[in-house]
Each structure stands twice: as structure tokens, then as C-alpha cells.
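Chemist: Pasting a predicted model and its sequence here:
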Amino acid sequence: MSWLRRVLMEDICRETSMTIDQATELEARQIVDSVRFEGRKAIRRWSQTLGDGSGPIVIPRSVLEDALVSLPVETQEVLQTTAARISAFAACQRASILDVSRPVPGGQCGLRYQPVLRAGCYAPGGRFPLPSSVLMTACTARAAGVSEVWVASPRPQLITLAAAAVAGADGVLAVGGAQAIAAMAYGFEGFDACDIVVGPGNRWVTAAKRLVSGDVAIDMLAGPSELLVIADETADPVRVAADLLAQAEHDPDAVPTLIALNECVIEDVERALTVQLSTLPTADIAGVALGNGWAIRTSREDAIVLANRIAPEHLSLQLKDAAAFAPHLTNYGALFVGTGAAEVLGDYGAGPNHTLPTGGSARSFGALSVMDFLRAQTWLRIEDEKASQSLVRDTVVMARLEGLEGHARSAESRLQ
């Protein structure tokens, strides 16, 4: 049985986009607008309609801490170790971002990076609890220096609350979907609006993030999961199939794909998919998602062209010369070089963030990082007005070239 559609290069060009269907966008807009203008009342209504539950909407920090200590010690240690890896990687990012200054006539100008004050982090939880998404988003916000961090997740389970505690979250909103994005973006009675909303989600979450963008900052449009594997005859088809299924089981909308440099690779992977699906507990979801995927046999040169055109969320190189192949690739959310670098190791906390751009948006966006939580703020200081006169005179001329006399006179008032 063939699980992955066989496609041509021109088909792939047409299939890759972050387009959100009109029905989803209309539904998300209705939810977002009602939460924006009705607040808690609308959140409660949508929560009951869409299955978020009827319990408290806002879960305080004390409950998160209780959830953490109630877990087995081994589970607590895994959460803490994973959080430490994510935080350490994010701390390296922050240390690489430096404030700068340089002299100007009569003074100095510069740039400093300041964290936003309040961040909202979305963690999906519809089919499975995803504590890893809690850690990826909230730990990174804390490493950036954000002073208040909130997590939103539908029907948060004990492990989700515990992960929020480990990540240093101030609390959890027991809300999911588009209503959660709107709640964090606009606030409601007893909950202040956030300055940025980040995190992955389904198409309603993605549509809602697009709608609130501009009113608040967002990280990216991170929709259903994608994996592109480029494999040659040295690849283990069992591993390739396992990697494809790991992404396919996320969501029926997930997109697992394969570029093979040898025809036998596709045939071997198809057989491995059939075997593994027969025992996979999530086969009902993964089998549907495989229908979104495809396979193609190409040359090395065409594989590079296709991968850069597709700009996949996850790009796995299972090639004999993976390290030499990697520098030719420019568009991806996260790159996994070599058969040992399983994509799932990135999912669960090797260090780099797993919140990544999808639908080809990796051509313009990168992984979630501390930079998403920072604002670049510029400043100018004039200490010697006499020495600043060349700058003042140039400003007068530039203002009049643009016909802005008020600007010119403002500068002229500083001429000596």
C-alpha cells in the first residue's frame, strides 16, 4: 500500500503556502471579536461550546507548584532537566544580543534591547498534553527577561500545570483555541492583556494569531506540523518511517514528506510505514496525516531546489554526506543533520526551540527565540550643542527638502 502520494516538482510548488481557509478564518474572527468586546463572558461561552470545560479560567501559581510536587520524582527531574537545556540555549541567545552605541556630532546614539513586560504562551492540548510546548515558550520568555509570563492551554492536565511551574510561569489560563489567543491579546476582567502572544497551534489558533497581530506582537504563524526528510540509499527506512509517523501523529492536518535520491528508498519506506502503523496507537491520526504528505524521487540538485522552495518546518537530512549537504540549504525552521539527529530530539528539549514557522513561512521567519520577546529601543544624547551644529544644519536642509517647515524650524532653534 502507498501511504505517500507521488508528486511532480510543479505540484509541490503549488502546494506550499500558509493559506488559512476562509471558513476557519471566519470562525476565528467571530471568536476573537466576541472575546475582545465581551471578555470573560465570551470566554466562558466558547469554552463550554468547544469543550474547554467549566472550571476556573485563571489558575494561579500556587496550584502549578502543587501539581509539580504531586508528580513522581522521576517525572519532576525530567521536566527540570529539559527546562534547563532549553533555558541554557536561550541564555546563550540572550548573551549574544548586545546593546550598542556610537558617537554622533556632539554626543552619542545607541540601541538597547528591552524585554516586553508581559508574555502569553500558548500550548496545544486538545488530543495530548504538550508540556514540551509550555517549556519551549515560557522558559524562553523568562530567559529574555520578561517579568510576567502566562501559559494558556485547553483542559490543562497535571503535567501541563507542572511544566508551567518549572518554566516559571505566573499562572495558567485553562482556555484553548482562538479564544485563548484573544484572551491573552486583549485581556478580560481580572486578567491584563499581554504584550506578545507566542506558541504553536491548530489552524484556528493560527488564524487567531493573524487576526490579533498588530494589536499585540506575535512570534510567527505556526500551524500544523511539517517534516521533510531528504534520504539516500544509506538511510535506514525504518528510522525514516518512524520520523514521518512521529510528525503525522500530531494532527490529521500534519504534513509528512519525503525526497528520495534513489527510487528504492521510497519503496522501502512505504513498507516500513505499513508495518509500523499496524502497531501505532495513534494510527488513526497518523494515517490521515500521511494522506497530506507526498514522496518524490529527485537528483541532489533538485532536492536542494525543492527544499529551499518548500521551506519546511522541520528538515531532516538522512544522507551519507549530510554535513556536506547542509550548507546548501537556506530555508527551514529547524535542521537535523544526520540519521542520529532525530527530529523528536528537538521536539523534547535538546536546546533549540521547537516552536517553528510552517507553511513556507520559514522563508521569512525563524524559530522562537529570546529575540521575539525583546524590543530594539534607540536613543540619542547630545552633550555638546556647539559640536552638534553640523548635524543640526543637515537636519534643517533635509526637512526643507521634504517640505516640512516645522521640522526645519525645530532644528533651527538649536543653531548657534
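Modeler: Now that the structure is in, tell me what you want to look at. Residues are numbered from 1 along each chain as shown.
Chemist: Could you use CA atoms for every contact and neighbour count after this?
Modeler: Fine.
Chemist: So the protein: which segments form each domain?
Modeler: The record, using automatic domain parsing to delimit domains, assigns the chain the ranges 5-20+224-363, 39-219+370-374, 384-416.
Chemist: need those in CSV with mean neighbour count and distance to residue 27, can you?
Modeler: Formatted as CSV, the domains of the chain follow (neighbours: other Cα atoms under 10 Å; distance: least, Cα to Cα, whole Å):
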stretch, mean neighbour count, distance to residue 27
domain 5-20+224-363, 19, 11
domain 39-219+370-374, 21, 8
domain 384-416, 15, 45
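Chemist: Tell me which of those sits nearest to residue 26.
Modeler: Across those, residue 26 has its closest neighbour in domain 39-219+370-374 (9.0 Å, Cα to Cα).
Chemist: State the distance spanning the first to the last residue of the closest one.
Modeler: The stretch domain 39-219+370-374 measures 28 Å between its terminal residues, going by Cα to Cα, to the nearest Å.
Chemist: Give me the mean pLDDT for that domain.
Modeler: For domain 39-219+370-374, mean pLDDT is 96.
Chemist: and it, how far out from the chain's middle?
Modeler: Computed by Cα atoms, centre = their mean, to the nearest Å, the chain-centroid distance of domain 39-219+370-374 equals 11 Å.
Chemist: now swap in stretch 308-317 and tell me
Modeler: Centroid separation for stretch 308-317 versus its chain: 15 Å, with Cα atoms, centre = their mean.
Chemist: Tabulate the domains of the chain in CSV, adding columns for distance to residue 30.
Modeler: Shown next, in CSV, are the domains of the chain (distance: least, Cα to Cα, whole Å):
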stretch, distance to residue 30
domain 5-20+224-363, 15
domain 39-219+370-374, 9
domain 384-416, 43
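Chemist: what packs against the host helix or strand of residue 26?
Modeler: According to DSSP states H and E, residue 26 maps onto helix 22-38. Applying 3 or more Cα pairs under 8 Å, 6 or more residues apart in numbering; DSSP states H and E, one finds that helix 22-38 contacts helix 40-50, helix 177-186, helix 203-212.
Chemist: Make CSV from those helices and add distance to residue 376 to it.
Modeler: Shown next, in CSV, are the helices and strands packed on helix 22-38 (distance: least, Cα to Cα, whole Å):
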stretch, distance to residue 376
helix 40-50, 33
helix 177-186, 21
helix 203-212, 21
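Chemist: So for residue 170, which of those helices sits nearest?
Modeler: That would be helix 177-186 among the helices and strands packed on helix 22-38, by Cα to Cα, at 13.4 Å.
Chemist: which residues are contacting the closest one?
Modeler: Residues outside helix 177-186 that contact it (Cα atoms under 8 Å, 6 or more residues apart in numbering) are 28, 31-33, 35-36, 39, 43, 46-47, 120, 122, 152-154, 173, 192-197, 201-202, 204-205, 207-209, 212, 215-216.
Chemist: Mind listing the strands the next helix or strand after it pairs with, and their directions?
Modeler: Scanning forward in sequence from helix 177-186 by DSSP H and E, the next helix or strand is strand 196-198. Sheet pairing of strand 196-198 (DSSP bridges) gives strand 118-122 (parallel), strand 217-218 (parallel).
Chemist: circling back: how far out from the middle of the chain is the helix holding residue 26?
Modeler: Distance, centroid of helix 22-38 to centroid of chain: 22 Å (Cα atoms, centre = their mean).
Chemist: Phi and psi next, for residue 2.
Modeler: Torsion angles at residue 2 (phi, psi; degrees, to the nearest 10) stand at phi -100, psi 120.
Chemist: Kindly provide the distance from it to residue 272.
Modeler: 11 Å.
Chemist: The helix holding residue 26: which residues count as buried?
Modeler: Within helix 22-38, the residues that count as buried by 16 or more other Cα atoms under 10 Å are 25, 28-29, 31-36.
Chemist: What is the end-to-end distance of stretch 67-80?
Modeler: Start-to-end span of stretch 67-80 (Cα to Cα) is 14 Å.
Chemist: what does it contact?
Modeler: With Cα under 8 Å, 6+ apart, stretch 67-80 has contacts from 158-159, 161-163, 165-166.
Chemist: Following the longest helix seen in the chain in sequence, what is the next regular element?
Modeler: For the chain, the helix with the greatest residue count under DSSP state H is helix 73-96. Following helix 73-96 in sequence order, the next helix or strand is strand 100-104 (DSSP H and E).
Chemist: so who does the most centrally placed residue in the chain touch?
Modeler: For the chain, the residue sitting closest to the mean C-alpha position, by Cα atoms, centre = their mean, is residue 355 at 3.1 Å. By Cα under 8 Å, 6+ apart, the contact list for residue 355 reads 133, 136-137, 199-200, 222, 367-368.
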